[in-house]
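In: let me see the structure of the following:
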Amino acid sequence: MTGGVSPLPALPRSVLFLCGMNAVRSPVAERLARSLLPPSVFIASAGVHVGEPDPFVDVILEEEGLDARPRQPRTLDDLEDDYFDLIVTLSPEAHHVALELTRTLAVDVEYWPTIDPTATQGTREQVLAAYRDMRDRLKTHIRERFLPETDVIGDE
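Out: Residues are numbered from 1 along each chain as shown. Got it, this is the predicted structure:
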């Protein structure tokens, strides 16, 4: 290896973000990835179980200038296509399910432990702060994983 620099990994053609109920973490990751990655990368999200839409998700996406139109959470069974180059799991249960899929599908799986902000209690602003933190951590992780040459340093 010359110069100690490894080549950048190629972008996957398709990425699935998977969490528990496809209500908070995975749909936020999906919309962030769609805004950051080229349109040639197919991006979807799903949950192990079906959840209910979360209004705080709409608020934190709108703050990023992202479309916050209502969407129905979906499960793996709801997806039209179940072939993905990469499944990014955001919860332990989702990771276990994704690893089971690797028994029958040739798919890479990455685990990005992501705290569920729905467990946060307090004022509306305290709850929103937890959602914003989750969103910002996912955005940083997406940039670092898929766009490593992008400057991810925040405001100083």
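
In: run through who's touching the helix or strand where Ile142 lies.
Out: In this structure, Ile142 sits in helix 124-146 according to DSSP states H and E. Contacts to helix 124-146, defined as C-beta atoms under 8 Å, 6 or more residues apart in numbering, come from residues 11, 24-25, 28-29, 32-33, 36-37, 41, 56-57, 59-61, 63-64, 110, 112, 114-117, 120-121, 150, 152. Quick note: C-beta positions are derived from backbone N, CA and C, even for glycine.

In: how about stretch 84-101?
Out: Here stretch 84-101 has contacts from 12-20, 25-26, 29, 42, 44, 47-48, 76, 82, 107-114, 116, using C-beta under 8 Å, 6+ apart.

In: select only the buried ones of the residues you listed in ChimeraX?
Out: Those of the contacts of stretch 84-101 that count as buried under 16 or more other C-beta atoms under 10 Å are selected in ChimeraX with:
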select :12,15,16,17,18,19,20,25,26,29,42,44,47,48,76,107,109,111,112,114,116
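
In: and the helix holding Ile142, which residues are buried?
Out: Buried-residue list, helix 124-146, by 16+ other C-beta under 10 Å: 127-128, 130-132, 134-135, 138-139, 141-143, 145-146.

In: would you quantify the distance from the residue nearest in space to the middle of the chain to Gly122?
Out: By C-alpha atoms, centre = their mean, the chain has its centre lying nearest to Ala29, at 2.7 Å. Note on Ala29: its distance to Gly122, by C-beta to C-beta, to the nearest Å, is 24 Å.

In: how about Val59?
Out: Taking C-beta to C-beta, one finds Val59 at 16 Å from Gly122.

In: so which of those two has more stuff around it?
Out: Val59 (15 against 10; other C-beta atoms under 10 Å).

In: now do the helix or strand hosting that one, average pLDDT.
Out: Counting by DSSP H and E, the element that carries Val59 is helix 55-63. For helix 55-63, the mean per-residue pLDDT is 95.

In: tell me which strands the next helix or strand after it pairs with, and in which orientation.
Out: Using DSSP H and E, the helix or strand that follows helix 55-63 in sequence is strand 86-89. Here strand 86-89 is paired, per DSSP bridges, with strand 14-19 (parallel), strand 108-111 (parallel).

In: give the other helices and strands that the host helix or strand of Ala44 contacts.
Out: According to DSSP H and E, Ala44 maps onto strand 42-47. With contacts taken as 3 or more C-beta pairs under 8 Å, 6 or more residues apart in numbering; DSSP states H and E, strand 42-47 sits against strand 14-19, helix 25-36.
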